[in-house]
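A.B. asks: Structure of the sequence below:
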Amino acid sequence: MPDPIVYAGQGIRADPINALVQPHVQAHVGSFNVPTGSSTYTPAAFTTTLSSNTASMWGAGAPTRLIAPTTGVYLVHGGIIWPAALGAVDARGEIRINGSASPAPGTRVGTQRGSSGNMQVVAGGVVILNANQYIELYLNTQSGSNIAAGVTLGITRISAT
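C.D. replies: Next comes the predicted model:
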């Protein structure tokens, strides 16, 4: 859509401005229970959105999924805050597309080795998604007991192709 033209003294409605913003959502859960186990990866279930301009990109009916409303290139952004309960062991995250068993190419979540509390790793990357495809953030810990992590993940369309 072209930039709206506004003449002196003229008002502009919100719709043309909002149409300039690409679809985006950022979802959050303050305390997600991550089960322990070296090969146990669990998708984070989000409880709320921090920001969104397209309601269909996240919903409580599928709380683990961030859904692309249209085909395009999407920037993936977010992070995980690991608590002190992680201790000296490893924790990981993987961004996956459509429930795949392996990480999506072009994405990255740092491995955290130990946490004395409030240690954060960043999730990022670029993925190509078709309309209605989705991403999820899978978490893993080898702590010996379940731990609660704070998780934020978002996607923003940066290009139609």
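
A.B. asks: Can you name the element that comes right after whichever strand or helix holds residue 28?
C.D. replies: Applying DSSP states H and E as the criterion places residue 28 in strand 24-34. Counting by DSSP H and E, the next helix or strand C-terminal to strand 24-34 is strand 42-43.

A.B. asks: Now do the same contact list for residue 51.
C.D. replies: Applying Cβ atoms under 8 Å, 6 or more residues apart in numbering, we find residue 51 in contact with 24, 25, 26, 154. No exception for glycine: its C-beta is placed from N, CA and C like everyone else's.

A.B. asks: Equivalent analysis for residue 46, please.
C.D. replies: Counting by Cβ under 8 Å, 6+ apart, residue 46 makes contact with 27, 28, 29, 58, 63, 64, 151, 153.

A.B. asks: Specify the local secondary structure of the last one.
C.D. replies: When classified by DSSP: H, G, I helix; E, B strand; the rest coil, residue 153 comes out as strand.

A.B. asks: Tell me the bridge partners for it.
C.D. replies: For residue 153, the beta-bridge partners under DSSP bridges are residue 27, residue 78.

A.B. asks: what's near enough to touch the residue nearest the centre of the chain?
C.D. replies: Taking Cα atoms, centre = their mean, the centroid of the chain lies closest to residue 153, which sits 2.2 Å from it. The contact partners of residue 153, by Cβ under 8 Å, 6+ apart, come to 26, 27, 44, 46, 66, 76, 77, 78, 95, 123, 135, 137.
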